[in-house]
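Colleague: predicted model, plus sequence, below.
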Amino acid sequence: MRTRTILTVVSLSGLVGFTSACSGAESEEPERKNNSNSSGAAAGTTQGSGASGGTTAGGGTTSTAGTTSDGGTTSDGGTTSTAGTTSTAGTSSGGSTSGGSCAPEASACDGAAAMEKMALGDFENGMGWFLFANPDDAGGSTDPVAGSNMPAAEITCPAGGLCGSSSFAMHVSGGGFTSYGPSLSNDWVYLSEEAVVVGEPLDASEYTGVAFWARKGDTAGAAPTLRLIVNDVSTHAQGGVCDPEAAAGSGGEASEACWDGWMTERAVPSTWTLIKVPFSVLAQGGFGKPAEAIDPSKIYGLTFQMPNMADFDFWIDDVSFYKE
């Protein structure tokens, strides 16, 4: 299993929010290439400074550069009744079974269904992305357990599913991590167990950015912040541009290291929200191989990273590239 270097989140102050989208009329999803090989997170903490809300391993301070809210939510959801039971990640319990306080507004569902997009994951087959967490971080835990492709959870809040068309989503909760937060990742290019490069990058050059639906789960006191990381040909270890063996830069200095992906952070509300993130607002952390701009024609993988030093509880559904 390959390793990645991911920024450490120590403080959640000053971060802005993130949310995701209903399925609607999705286009055909590209074939998943990494059901048993995608890690999506690092085996060590970052030594460089983070340009989008990350922190340095040495300083422990949070940087707000790159945490733009441009292109954020298109709907903040709506409230129709009272939320019910608490959800459990990786199970069929999705929160309230009778209410709709987590439900999106109908206009958001209509907008998502009409949005031109390339579907990347609707999770209706019962399987989510690879869930990675630092195994050396003894105090941390996730539900479901990290280390494999997570099962999708049944959406019961709102009753009838998301926008009446999506019945399953990724749901992960946990906390206690002091090194770096866990991550959900899907790579379309990866190194197999036989050390063979498998798959092809996706061409999203005709699309505006990444869209998804998300909501914060029912765990009391859970942090609201979620990080999106996009790895392209310049930042992915299989892209041939950065050096997979190089150490991350320290003190804000760049290096030849990989995994300094294009990222931003959002705060996720408790209602299902469609989040649209243009490629143009994403920024590297500044600890790896620098590039002038993201290359949407060669997208190697996407990652959702959970916050560090805090409890978390997130639902994520219907990930896609979208066009405006």
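Modeller: Yep, it's here.

Colleague: isn't Gly139 up against Ala133?
Modeller: No. Taking contacts as Cβ atoms under 8 Å, Gly139 lies outside contact range of Ala133: 11.1 Å. C-beta coordinates here come from the backbone N, C-alpha and C atoms, glycine included.

Colleague: neighbour-wise, which of the two wins?
Modeller: Remark: of Gly139 and Ala133, Ala133 carries more neighbours, 23 against 9, as counted by other Cβ atoms under 10 Å.

Colleague: for that one, what are its contacts?
Modeller: Shown in contact with Ala133 (Cβ atoms under 8 Å, 6 or more residues apart in numbering): 41, 140, 142, 146-147, 174, 177, 182-183.

Colleague: that one and Phe279, how far apart?
Modeller: Distance, Ala133 to Phe279, using Cβ to Cβ, to the nearest Å: 28 Å.

Colleague: tell me which helix or strand of the chain sits lowest on mean pLDDT?
Modeller: strand 42-45 (a mean of 34; mean pLDDT, DSSP states H and E).

Colleague: what's the following helix or strand after that strand?
Modeller: helix 106-114 (DSSP states H and E).

Colleague: same question for the following helix or strand past that next one, mean pLDDT?
Modeller: Scanning forward in sequence from helix 106-114 by DSSP H and E, the next helix or strand is strand 116-121. Mean per-residue pLDDT for strand 116-121: 97.

Colleague: enumerate the positions of strand 116-121 that are buried.
Modeller: 117-121 (16 or more other Cβ atoms under 10 Å).

Colleague: what's the host helix or strand of Leu226 packed up against?
Modeller: Element membership for Leu226, per DSSP H and E: strand 225-232. The contact analysis (3 or more Cβ pairs under 8 Å, 6 or more residues apart in numbering; DSSP states H and E) places strand 225-232 against strand 209-216, strand 262-267, strand 299-305.

Colleague: least reliable of those strands by average pLDDT, please.
Modeller: Sorting the helices and strands packed on strand 225-232 by mean pLDDT places strand 262-267 lowest, at a mean of 94.

Colleague: where does the prediction get shaky in the stretch 1-150 of the chain?
Modeller: Within the stretch 1-150 of the chain, the segments meeting pLDDT under 70 span 1-100.

Colleague: can you put the buried residues of strand 116-121 in JSON lines and add distance to Asp260?
Modeller: Formatted as JSON lines, the buried residues of strand 116-121 follow (distance: Cβ to Cβ, whole Å):
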{"residue": "Lys117", "distance to Asp260": "27"}
{"residue": "Met118", "distance to Asp260": "25"}
{"residue": "Ala119", "distance to Asp260": "27"}
{"residue": "Leu120", "distance to Asp260": "22"}
{"residue": "Gly121", "distance to Asp260": "24"}
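
Colleague: which one of the residues you listed is nearest Cys109?
Modeller: Lys117 (14.1 Å; Cβ to Cβ).

Colleague: my read: that closest one touches Lys323, true?
Modeller: Yes. Proximity of Lys117 to Lys323 meets the contact threshold set by Cβ under 8 Å, at 6.8 Å.

Colleague: so what sits against both of the two?
Modeller: Shared contacts of Lys117 and Lys323, counting by Cβ under 8 Å, 6+ apart, come down to Tyr207.

Colleague: how about Phe279, phi and psi?
Modeller: Here is the backbone geometry of Phe279 (degrees, to the nearest 10): phi -60, psi -30.

Colleague: that one - how many residues pack around it?
Modeller: A count of nearby residues for Phe279, using other Cβ under 10 Å, gives 21.

Colleague: that one: what's it in contact with?
Modeller: Per Cβ under 8 Å, 6+ apart, neighbours of Phe279: 204, 208-210, 230, 262, 294, 296.

Colleague: change it to 10 Å
Modeller: 71, 204-205, 207-210, 230, 232, 262, 293-296, 299, 321 (Cβ atoms under 10 Å, 6 or more residues apart in numbering).

Colleague: what's around Asp136, how many residues?
Modeller: Applying other Cβ under 10 Å, we find 9 residues neighbouring Asp136.

Colleague: leaving out chain neighbours, which residue sits closest to it?
Modeller: Using Cβ to Cβ, 6 or more residues apart in numbering and skipping residues adjacent in sequence, the residue nearest Asp136 is Ser179, 7.1 Å away.

Colleague: same thing with Ala310?
Modeller: In this structure, Ala310 finds its nearest non-sequential neighbour in Ala223, 3.9 Å apart by Cβ to Cβ, 6+ apart.

Colleague: identify the contacts common to Gly139 and Ala133.
Modeller: 177, 179.

Colleague: please spell out the ChimeraX selection for the buried subset of the contacts of Phe279.
Modeller: Buried members of those, defined by 16+ other Cβ under 10 Å, are picked up in ChimeraX with:
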select :71,204,207,208,209,210,230,232,262,294,295,296,299,321
